[in-house]
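>>> No letters, just coordinates:
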């Protein structure tokens, strides 16, 4: 049995085995917590986990190591050349961010036995040698968490996002032409939300880098941002608890691509106002969120949110509670992800 897992996730801030320190890693992103859970569960059955730099510094100390990668990083090929068996490839990024990875999946998955990818890439992944597994974006929340919402004490809505835009370079454009894969980015749509709702005193914006120029929209957006910006947040869940609704927009529209953005507000007792995966209701019941596609304008959406009674709001919260206690949500838990990965490891 292989006894070492090299966690190759491509974040330089989590080398030196810092990935496995929950306090440190959580400061980088709470989305790293499921990997820490996997690391701890693997230890229980005899696996040691290391980061790439630790392995490469002394490879003889880690015989029969297997590779768990998040996309191909600067370390991936070096690790394989050093004798680490490429076992599991994962990708939790969207195709507008990881476009090189998705442009040629056969090359990206080369050598790996298993691939965890969003369901929209199932058909293409199955043309490779890797066994396909649906990437249900793993969440650190317990399915037993009970959501309570104090309706009268919450402001209308918030959005928590950084000041980001996609740079459509010529290389990215040509990759789209050659592959026939074009995806609508939603960074601009986030700006449209800010532009419309900034005048509503019940709307607040949180996030980093909003003091920097807004690419392609600085003159148009600066006044709107300053009107509603409340700065960065230290605790996203705590911040969300102050609002009835949270605008949860993915960074692109792509089948099967749904992330923590729709789940974070649920566990804070806020109803997601969602735009992203076109097949979202295959994963999350429609009664659990407000679907932005149902509204012809932001004015209509604002009217709907502002006029919602506590009784109607409670129906969403009750539906969320049913969902997070269901088998459907269980697919997105860190427990489910770890169980599937450990099954692969133990069968090696």
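Great, that's in hand. The shown structure was predicted, so the numbers you read here are calculated from the model rather than taken from an experiment.
>>> Please make it C-alpha for all contacts and neighbour counts, starting now.
Fine.
>>> Which residue, other than its chain neighbours, is closest to residue 97?
Closest residue in space to residue 97, ignoring its immediate chain neighbours: residue 166 at 7.8 Å, by Cα to Cα, 6 or more residues apart in numbering.
>>> same question, residue 188
residue 165 is the one closest to residue 188 (Cα to Cα, 6+ apart), at 7.5 Å.
>>> I'd like the distance between that neighbour and residue 210.
The gap separating residue 165 from residue 210 is 12 Å, by Cα to Cα, to the nearest Å.
>>> one step back: tell me who's in contact with the residue nearest to residue 188.
187, 188, 215 (Cα atoms under 8 Å, 6 or more residues apart in numbering).
>>> Run the chain-centre distance for stretch 338-345.
Mean C-alpha position of stretch 338-345 versus that of the full chain (Cα atoms, centre = their mean, to the nearest Å) differs by 20 Å.
>>> can you list contacts of that stretch?
By Cα under 8 Å, 6+ apart, the list of residues contacting stretch 338-345 from outside reads 2, 34, 37, 38, 41, 42.
>>> quick revisit: is the residue nearest to residue 97 within a helix or a strand, and which one?
Counting by DSSP states H and E, residue 166 is held by no secondary-structure element, helix or strand.
>>> Relative to residue 231, how far out is it?
For residue 166 relative to residue 231 (Cα to Cα), the value is 22 Å.
>>> which of the two has more neighbours?
The neighbour comparison of residue 166 against residue 231 (other Cα atoms under 10 Å) goes to residue 231, with 16 against 13.
>>> which helix of the chain spans the most residues?
Longest helix in the chain by number of residues (criterion: DSSP state H): helix 310-324.
>>> the strands in the stretch 1-150 of the chain, which residues?
4-8, 48-50, 65-70, 85-90, 114-117, 131-134 (DSSP state E, counting those that start in this stretch).
>>> tell me the mean pLDDT for the fifth one?
Mean pLDDT, taken over the full extent of strand 114-117, equals 98.
>>> can you list the domain ranges for the protein.
Domain ranges of the chain: 4-138+333-346, 151-330, per automatic domain parsing.
>>> what about the last one, how long is it end to end?
The first and last residues of domain 151-330 sit 27 Å apart, counting by Cα to Cα.
>>> now that domain, how far from the centre of its chain.
Centre-to-centre, domain 151-330 and its host chain are 13 Å apart (Cα atoms, centre = their mean).
>>> Enumerate every residue touching residue 134.
Each residue near residue 134 by Cα under 8 Å, 6+ apart is listed here: 116, 117, 118, 119, 122.
>>> let's see 6 Å
Neighbouring residues of residue 134 by Cα atoms under 6 Å, 6 or more residues apart in numbering: 116, 117, 118, 119.
>>> With residue 186 instead?
Counted by Cα under 6 Å, 6+ apart, residue 186 has contacts 251, 252.
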